[in-house]
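J.: Starting from these lines, generate the structure:
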Amino acid sequence: MKPVLTKTIKVSLKTDLYYFYLVIALSFGVSSCSDDQVNYDISGVSAKRIQIPLDSVSSNYNQLYQTFYDESKKQELLYIMNVFTNGVDIYSLDSLKLQERKSFDINGPAALPKIDGFHIFKKDSFLVISEQTIDGLIVSNNSTVSLRKMLGSEKTFFNYHTSSMTPILEYKQKLFVYGLPIGGDAPDSTNYLELDLVLDFEKRTIQKLYNEDMEPVDKRWGYLRYHTRTIDDMGRIIYSFPFTSELLIYDIELDSFYTKDVPSQLIETPAKMLPSGENETKHFLENNQFDGILFDKYKGLYYRFIKLSINPMDNSGRLKNAFHQETAVQVIDKEFNVVTEFKLTPVWQYLSKDSFVSKSGLYISEANHLNENIHEDSLYFTIFNIDKQNINK
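T.: Now for the predicted structure:
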């Protein structure tokens with residue numbers, strides 16, 4: 001049975017950071033697609049759709065997903081941040097049902113107001129943190145410990161952002177949190193490209209990770225901003241920037257940086273600067289850009305999203321938004337060779353920023369604001385399974 005749009009899609013409460021979080025939904029007629037199997041005429045790539053039912057205190061527009069495979073039960077779990085319950089919802093990716101809900105007090109001595117991020121260490125152990133502060137809790141087997149106490153920190157301000165494309169990354173006794181640079185003449189500003197805040201539990205320190213060889217083009221906005229990143233199973237953090245095909249790789253063990261150019265066959269070299277005074281959204285729309293990167297530890301592949309340029313104005317002379325842009329997926333191996341590339345069609349269906357990787361494949365959300373074939377009572381994903389051995393055969 002075809003799903004019907006019954007209500008306005010709920011949108012994220014954090015829509016002011018990036019251009020592609022705009023929530024202006026310009027609707028137009030689209031054709032319906034309700035088949036579980038999705039036909040992608042690309043060798044080595046198969047796809048199918050799933051629908052995860054939601055209850056009345058869940059949202060179908062989320063920015064943070066993380067999976068964990070429970071070896072003991074051979075079960076894959078999906079963790080979703082829930083701003084309405086100030087907590088984390090845990091779903092089974094096998095049964096597609098809610099398994100558990102963790103909520104945290106907003107007021108009181110042990111309060112954790114306005115959860116803005118989380119990280120799963122293992123099935124019953126995870127970190128939740130509050131917006132723009134070092135207030136956080138490490139939850140393990142129903143006991144909790146303060147993040148600030150673990151780090152021995154007196155600092156309170158903690159400018160950061162978390163999403164599926166900017167998650168908290170873990171390596172041994174360190175967490176890498178996507179830090180937001182403070183520009184202008186602020187005391188915390190820097191002339192270097194700020195990449196992450198490093199929470200070192202062994203040293204009990206919080207430090208900024210810089211690449212001192214790369215200066216931001218502009219402290220307020222430049223082509224080295226709005227980066228996304230992922231971590232692989234070799235202890236490397238892979239940074240991807242919107243307007244350059246080069247990947248920046250940080251080797252954690254060696255504490256060193258190097259770059260790899262991984263161009264796409266689908267686009268020309270992306271633009272690198274926002275012209276002075278130009279509308280930022282318009283610039284993104286009429287230029288190709290790289291829009292996120294994920295690592296698949298099960299297949300040893302990276303998935304990098306590409307937004308393709310479009311005419312930024314509609315027939316009425318109004319500015320479009322990122323939901324109108326076509327998205328492509330670039331599949332890269334661990335030697336940084338391009339394995340394959342494919343476009344996501346139809347354009348109006350996918351919301352690539354809400355993607356994650358599981359043992360089953362690459363999950364890409366269908367919660368595009370132009371998609372009239374979904375409703376707010378479910379999450380919809382297309383699962384792409386990439387078989388490297390059968391690509392181009």
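
J.: quick one: low-confidence ranges for this structure?
T.: Scanning the chain for pLDDT under 70 picks out 1-41, 109-110, 155-157, 181-190, 216-224, 275-276, 392-393.

J.: If you count contacts, what does the one helix or strand K260 maps to end up packed against?
T.: If you go by DSSP states H and E, K260 is part of strand 256-261. With contacts defined as 3 or more CB pairs under 8 Å, 6 or more residues apart in numbering; DSSP states H and E, the packing partners of strand 256-261 are strand 246-251. C-betas here are computed from N, CA, C, even on glycine.

J.: Neighbouring strands of the strand it packs on in the sheet, and parallel or not?
T.: strand 236-240 (antiparallel), strand 256-261 (antiparallel) (DSSP bridges).

J.: Go through the ones you listed and pick out the most buried.
T.: The highest average neighbour count among these, using mean count of other CB atoms under 10 Å, belongs to strand 236-240 at a mean of 22.

J.: Restrict that one to CA atoms and write it as CSV.
T.: The C-alpha trace of strand 236-240 is given here as CSV (Å, rounded to 0.1, in the frame of the first residue of the first chain):
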residue,chain,number,x,y,z
ARG,A,236,42.8,7.6,10.2
ILE,A,237,40.3,10.5,10.2
ILE,A,238,39.2,11.4,6.7
TYR,A,239,38.2,15.0,6.2
SER,A,240,36.2,16.1,3.2
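
J.: what's in contact with it?
T.: The list of residues contacting strand 236-240 from outside it, by CB atoms under 8 Å, 6 or more residues apart in numbering, reads 169, 176, 195-196, 227-232, 247-252, 290, 292-293, 295, 302, 304.

J.: Stretch 350-361 now?
T.: With contacts defined as CB under 8 Å, 6+ apart, stretch 350-361 is touched by 20-21, 61-63, 65-67, 69, 76, 78, 93, 163-165, 291-292, 294-298, 303, 305, 323, 327, 329, 344, 362-368, 382-386.

J.: filter those residues to the buried ones?
T.: For the contacts of stretch 350-361, a burial check counting by 16 or more other CB atoms under 10 Å picks out 20-21, 61-63, 65-67, 76, 78, 93, 163-165, 291-292, 294-296, 303, 305, 323, 327, 329, 344, 362-368, 382-384, 386.

J.: Helices of the stretch 101-250 of the chain, start to end?
T.: Along the stretch 101-250 of the chain, the segments classed as helices by DSSP state H, counting those that start in this stretch run 147-151.

J.: my bad, the stretch 251-393 of the chain
T.: Secondary structure of the stretch 251-393 of the chain, counting by DSSP H, counting those that start in this stretch: helices at 280-285.

J.: any chance you could map the strands in it?
T.: For the stretch 251-393 of the chain, the strands defined by DSSP state E, counting those that start in this stretch occupy 256-261, 289-296, 301-307, 327-333, 338-344, 351-358, 361-365, 378-386.

J.: Make CSV out of the strands paired with strand 246-251 and add distance to N390.
T.: As requested, the strands paired with strand 246-251 are exported to CSV (distance: least, CB to CB, whole Å):
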stretch, distance to N390
strand 236-240, 25
strand 256-261, 25
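
J.: of those strands, which approaches W348 most closely?
T.: Set against W348 and scored by CB to CB, those come closest in strand 236-240, at 24.5 Å.

J.: can you give me the angle that closest one makes with strand 289-296?
T.: Computed by axes from the mean of the first three to the mean of the last three CA atoms, to 10 degrees, the angle separating strand 236-240 from strand 289-296 equals 160 degrees.

J.: before we move on, the earlier item: would you turn the strands of the stretch 251-393 of the chain into TSV with distance to K97?
T.: Below are the strands of the stretch 251-393 of the chain laid out as TSV (distance: least, CB to CB, whole Å):
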stretch	distance to K97
strand 256-261	41
strand 289-296	25
strand 301-307	27
strand 327-333	28
strand 338-344	27
strand 351-358	16
strand 361-365	16
strand 378-386	12
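
J.: nearest to S56, of the ones you listed?
T.: strand 378-386 (12.7 Å).

J.: Tell me which other helices or strands that closest one touches.
T.: strand 45-53, strand 361-365.

J.: contact partners of the strand holding K260?
T.: Residues outside strand 256-261 that contact it (CB under 8 Å, 6+ apart): N211, D213, S245, E246, L247, L248, I249, Y250, D251, F336.

J.: and these, which are buried?
T.: Buried residues within the contacts of strand 256-261, defined by neighbour count using 16+ other CB under 10 Å: N211, S245, L247, L248, I249, Y250.

J.: And the closest residue to L195 other than its chain neighbours, how close does it get to G44?
T.: Nearest residue to L195 in three dimensions, chain neighbours excluded: L209, at 4.7 Å (CB to CB, 6 or more residues apart in numbering). Counting by CB to CB, to the nearest Å, the gap from L209 to G44 is 36 Å.
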